[in-house]
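In: the sequence and its predicted three-dimensional model are supplied below.
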Amino acid sequence: MRAVWLTEFGGPEVLVAGEAPEPVAGPGQVLVAVAYANITFVETQYRATGRGPFGIEPPGILGNGVGGVVTEVGPGADAGLVGQRVVTSTGGSGGYAERVAVDASGVFAVPDGVPLDTAVALLADGRTALLNLRAVGPVAGQRVLVLAAAGGVGTLLVQLAGAAGAAVVGASGGPDKRDVVRALGADDAVDYLRPDWARRAGPVDVVFDGVGGPLGRAAFELLRPGGRMSSYGSASGEWAAVDPDRAAARGVALVPGDRPAPQLVRELVREVLGLAARRAVRPVIGRRFPLADAAAAHAAIEARSTVGKTLLEVR
């Protein structure tokens, strides 16, 4: 089968298309013919440095989220899954390929009316957005700042926080991304490449930080007493790393980003797929690349030239 190999750690060029052994559905597993593979910023960081949650040693195959159709089941798996459209995590590797074998217990049926690409775009980012929104508590009537608002998680947080009754300020880099944020219903959209962005954005009651670094720390300073800050990403290359003592002195809560239990993850994925089925949320799929062009997809993400979710089209 066709796949994209991580040949070594380094620049996007280390992702090389080639052939890979056909996976086999073992006991309790299903075989999925992949239509779309998810790409996350964390995967680009892992490819570059070898540091991160995946534990893949070159040569290996990246990819932690896919969507497609179940074609076979292994011993002990439900034969009724054959032919179903599903999305699933892969356990951290193997997603940049035509087929994957995964545990049957980890697949999610895609609701009728929800396109497969939409479901794949929501698999990781949707659960992350919902988890962060739950973590900060009620936001109705409050002013909420979303950093990286034109990213995969950010575009969903803009929609979800707005639907929960918040006044949403979306901060992103560049006028084109600001237009995307406005189109999603943000009450205000600011360009954090401009020196006056913080003055325009604040003060706020909640910060969702997907950037980290100096921008994340600047956003922290905009919080009113009683405010909450949830940091879920480090697109700048570092976390915001706000001093907890300073936060306590200002009366600001730093919401911990603990890894959720598997059962909660499943609940969140089901919830966001249900929201998509009711057209209550929609992912922004900014760019799609053929499987063989995974290196170009990684390069585009690292160049900050993408908005929303970037997908690999496999079939």
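Out: That came in fine, so what should we check first? Residues are numbered from 1 along each chain as shown.

In: ok, which stretches of the stretch 101-250 of the chain are helices?
Out: For the stretch 101-250 of the chain, applying DSSP state H, counting those that start in this stretch gives helices covering 116-136, 152-163, 175-183, 197-201, 213-220, 244-249.

In: avg pLDDT for the second one?
Out: What that stands for is helix 152-163. Confidence over helix 152-163 (mean pLDDT, whole number) is 97.

In: distance-wise, check the residue nearest the centre of the chain relative to T7.
Out: The residue lying closest to the centre of the chain (CA atoms, centre = their mean) is D125, at 3.0 Å. Relative to T7, D125 is positioned 28 Å away (CB to CB, to the nearest Å). The way it works is simple: take the backbone N, C-alpha and C, and place the C-beta from them, glycine included.

In: same question, G63
Out: Shown here: G63 relative to T7, a distance of 15 Å by CB to CB.

In: give me every residue that touches the nearest residue to P203 once chain neighbours are set aside.
Out: Take P203 and drop its neighbours on the chain: the residue closest to it by CB to CB, 6 or more residues apart in numbering is R224, 5.1 Å away. The neighbourhood of R224, defined by CB atoms under 8 Å, 6 or more residues apart in numbering, consists of 203-205.

In: coming back round to it: want to throw the helices of the stretch 101-250 of the chain into JSON lines with distance to G11?
Out: Converted to JSON lines, these look like this (distance: least, CB to CB, whole Å):
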{"stretch": "helix 116-136", "distance to G11": "24"}
{"stretch": "helix 152-163", "distance to G11": "22"}
{"stretch": "helix 175-183", "distance to G11": "24"}
{"stretch": "helix 197-201", "distance to G11": "30"}
{"stretch": "helix 213-220", "distance to G11": "22"}
{"stretch": "helix 244-249", "distance to G11": "36"}
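
In: and these, which is most packed in?
Out: Here the criterion is mean neighbour count by mean count of other CB atoms under 10 Å, and of those the winner is helix 152-163, at a mean of 27.

In: so it versus helix 175-183, what angle?
Out: Helix 152-163 runs at 30 degrees relative to helix 175-183, counting by axes from the mean of the first three to the mean of the last three CA atoms, to 10 degrees.

In: okay, now the nearest residue in space to G213 that is not next to it in sequence: neighbour count?
Out: Taking CB to CB, 6+ apart as the measure, G213 lies nearest to S236, with 3.3 Å between them; neighbours along the chain are not counted. For S236, the number of neighbouring residues by other CB atoms under 10 Å comes to 17.

In: S236 contacts R217, correct?
Out: No: under the contact definition of CB atoms under 8 Å, S236 does not touch R217, with a separation of 10.1 Å.

In: go ahead and name everything in contact with stretch 188-200.
Out: 147, 149, 167-175, 177-179, 181-182, 201, 211, 215, 218-219, 221-222.

In: tell me how far that stretch lies from the chain's centre.
Out: Taking CA atoms, centre = their mean, to the nearest Å, one finds stretch 188-200 lying 24 Å from the centre of the chain it belongs to.

In: how long is it end to end?
Out: Criterion CA to CA, to the nearest Å; first-to-last residue distance in stretch 188-200 is 9 Å.

In: where does the residue nearest to the centre of the chain land on pLDDT?
Out: Note for D125: predicted pLDDT of 95.

In: pretty sure it contacts V153?
Out: Yes: contact criterion CB under 8 Å: D125 and V153 qualify, at 4.7 Å.

In: any idea how this structure splits into domains?
Out: The chain breaks down by automatic domain parsing into domains covering 2-109+284-313, 124-255.

In: next, work out how far apart R315 and F54 are.
Out: In this structure, R315 lies at 24 Å from F54, with CB to CB as the measure.

In: more crowded one of the two?
Out: Under the criterion of other CB under 10 Å, the comparison of R315 against F54 puts F54 first, with 19 against 12.

In: excluding residues flanking it in the chain, which one is nearest the more buried one?
Out: G92 (4.5 Å).

In: ok, L184 next?
Out: Leaving aside its sequence neighbours, L184 sits nearest to V158 (CB to CB, 6+ apart; 4.8 Å).

In: OK, contacts around that neighbour?
Out: Counting by CB under 8 Å, 6+ apart, V158 makes contact with 146, 149, 168, 170, 181, 184-186.

In: what is the nearest of these to G308?
Out: L184 (9.5 Å; CB to CB).

In: how many neighbours does that closest one have?
Out: Using other CB under 10 Å, the number of residues around L184 comes to 23.
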